[in-house]
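>>> here's a sequence, model it:
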Amino acid sequence: MRRRRVQATAGGAAVLALASALALTGCGGGGGTAADPSGPPAASAAGGESPGGNASPDPGGPVDVEPRWQTELPPGTVVETAAGNDRVYVALNGDPHRVVALDPADGSELWTYEHGGAARREAPIEDIEPAPDGLVFVSGPDVHRIGLDGELVWSAPGIAGSVFGPEAVAADDGGVVIGTDNGAAGLASEDGANRWTVEGEDVHAPGTRLAGAQERRILLTEELAIVQGGLAGYFTVTAIDRDGGDVVWHRETTATPRATLAGGVLVHQQEPGMLTGVDPATGEELWRLPGLEEGDGLNHPIWVAGDTVVTHHIGSIQGVDAATGTVSWTTPAPAAADFSERIGTTLGDGRLALVVDGGLALIAGDGTLTQLGLPQPGNLQTVNFAAALGNEVYVTSRTSRTDEGPYAMAVPAEGNAR
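This is a model prediction of the structure:
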């Protein structure tokens with residue numbers, strides 16, 4: 001998000017697009033949308049400098065820190081970690097599949113919800129999302145809601161087709177929205193009732209799809225559910241009214257959108273290697289920044305950190321203003337960073353925490369980068385997931401090297417020096 005759902009805010013925010021190689025250009029040409037073939041002018045590097053703008057100082061090596069607590073999890077494979085409702089939630093698949101709630105104060109287990117298991121042919125857990133007064137999780141074609149006490153509140157089986165995507169559910173005070181293999185559906189928080197369904201034919205010619213079954217992602221604002229998806233080189237971003245399920249606007253892209261909200265702007269990949277800023281209320285394109293990467297384009301999420309859009313570029317990280325699309329700073333990238341899915345989370349102060357080799361990298365909106373080195377337990381596999389409450393990061397390993405369970409750790413962003 002993860003973590004993943006990004007709530008629109010009145011204040012500014014920043015986007016972090018992480019790719020294995022990016023080459024930002026200056027005032028290159030744009031490209032249009034279906035509504036406006038001419039498109040807006042392409043953004044350029046800040047201050048008339050070469051791409052990268054003002055350089056930030058080299059952050060140096062990591063500072064070794066001690067976790068505030070470390071706890072062993074039940075056996076299984078961690079598939080997601082989330083935080084909310086003053087709880088740290090960890091989803092593990094095994095026999096049985098589980099959702100574990102930890103107390104952020106000391107890492108003790110508050111409760112465990114067991115969801116069948118492989119031997120009983122229960123579908124594995126694919127996604128979890130904190131919701132008001134509980135948690136929503138996806139398992140196969142079904143959606144389930146657990147209360148704060150770990151008891152099942154409701155199950156919504158097979159709504160609008162199978163639920164697709166590692167980020168195919170989002171929830172807030174306005175309800176639950178799920179992505180499906182052929183669209184999206186809105187559910188009532190209190191009982192899981194289907195309030196509306198949008199399918200491919202609602203925005204396309206009959207027989208085509210709203211957003212193919214791959215790369216499903218959902219973002220929520222107070223009024224809209226913004227749903228992305230794609231299949232075989234055809235991708236879409238669609239805004240749906242959360243009250244009635246009406247399609248407000250719809251965009252087609254030629255690359256995985258990897259959409260996120262930052263500072264009141266929707267930022268996504270329009271073409272391979274081209275970032276685009278869009279007004280989320282209207283779908284109007286505000287700016288384009290071409291030349292990010294050749295080939296298939298961005299292979300990593302777009303993250304949020306402060307007031308800036310950030311890109312990984314051949315050993316450096318570059319900040320791009322989400323409001324204008326201009327490059328504002330560059331700083332060396334953390335060594336051995338694995339910028340993959342689900343390993344970044346936004347802190348309460350707006351910094352981005354990324355899991356990197358041996359610890360965490362904290363990135364502020366102005367490009368300031370701090371590295372924290374963590375101890376590596378003998379049975380701890382590479383850390384794969386991160387979630388945050390305030391300025392504390394909770395990291396988990398996917399599996400264990402031994403018969404013991406994987407671990408979870410609590411790491412204050414300011415660190416406790418070892």
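>>> now do the strands in the stretch 1-150 of the chain.
With DSSP state E, counting those that start in this stretch, the ranges of strands along the stretch 1-150 of the chain come out as 16-17, 54-55, 63-64, 69-72, 77-84, 87-93, 97-102, 109-115, 125-131, 134-139, 142-147.
>>> residue 252: which of these is closest?
When those are compared by C-beta to C-beta, strand 16-17 sits nearest residue 252, at 19.9 Å. C-beta: built from backbone N, CA, C; applies to glycine.
>>> now the strands of the stretch 1-150 of the chain in CSV, with mean neighbour count?
Written out in CSV, the entries for these read as follows (neighbours: other C-beta atoms under 10 Å):
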stretch, mean neighbour count
strand 16-17, 28
strand 54-55, 14
strand 63-64, 16
strand 69-72, 18
strand 77-84, 24
strand 87-93, 25
strand 97-102, 23
strand 109-115, 17
strand 125-131, 24
strand 134-139, 24
strand 142-147, 21
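>>> least reliable of these by average pLDDT, please.
Here the lowest mean pLDDT among the strands of the stretch 1-150 of the chain goes to strand 16-17, at a mean of 43.
>>> all strands of the stretch 151-300 of the chain, in order?
Secondary structure of the stretch 151-300 of the chain (DSSP E, counting those that start in this stretch): strands located at 152-156, 169-172, 175-180, 183-187, 194-199, 214-220, 224-231, 234-241, 247-253, 260-262, 265-271, 274-278, 285-289.
>>> comparing these by mean pLDDT, which bottoms out?
Sorting the strands of the stretch 151-300 of the chain by mean pLDDT places strand 214-220 lowest, at a mean of 79.
>>> buried sites along that one?
Buried residues in strand 214-220, defined by neighbour count with 16 or more other C-beta atoms under 10 Å: 215, 216, 217, 218, 219, 220.
>>> returning to that earlier point: out of the strands of the stretch 151-300 of the chain, which is closest to residue 104?
Taking C-beta to C-beta as the criterion, residue 104 comes closest to strand 169-172 out of these, the separation being 19.7 Å.
>>> run me through the strand neighbours of the closest one, direction for each.
With DSSP bridges as the criterion, the sheet partners recorded for strand 169-172 are strand 175-180 (antiparallel).
>>> alpha carbons only: can I get the strand it pairs with in CSV?
Listed next in CSV are the C-alpha coordinates belonging to strand 175-180 (Å, rounded to 0.1, in the frame of the first residue of the first chain):
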residue,chain,number,x,y,z
GLY,A,175,-18.2,1.2,2.3
VAL,A,176,-16.2,-1.5,0.6
VAL,A,177,-15.2,-1.6,-3.1
ILE,A,178,-13.9,-4.8,-4.7
GLY,A,179,-12.4,-5.4,-8.1
THR,A,180,-13.5,-8.4,-10.1
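>>> what's the angle between it and strand 183-187?
Comparing the axes of strand 175-180 and strand 183-187 via axes from the mean of the first three to the mean of the last three C-alpha atoms, to 10 degrees yields an angle of 160 degrees.
>>> dump the strands of the stretch 151-300 of the chain into TSV; add distance to residue 320 as well.
Listed next are those as TSV, based on distance: least, C-beta to C-beta, whole Å:
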stretch	distance to residue 320
strand 152-156	39
strand 169-172	25
strand 175-180	27
strand 183-187	29
strand 194-199	31
strand 214-220	19
strand 224-231	20
strand 234-241	19
strand 247-253	18
strand 260-262	10
strand 265-271	9
strand 274-278	7
strand 285-289	6
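>>> looking at the ones you listed, spot the one closest to residue 137.
Ranking the strands of the stretch 151-300 of the chain by proximity to residue 137 (C-beta to C-beta) places strand 169-172 first, at 7.5 Å.
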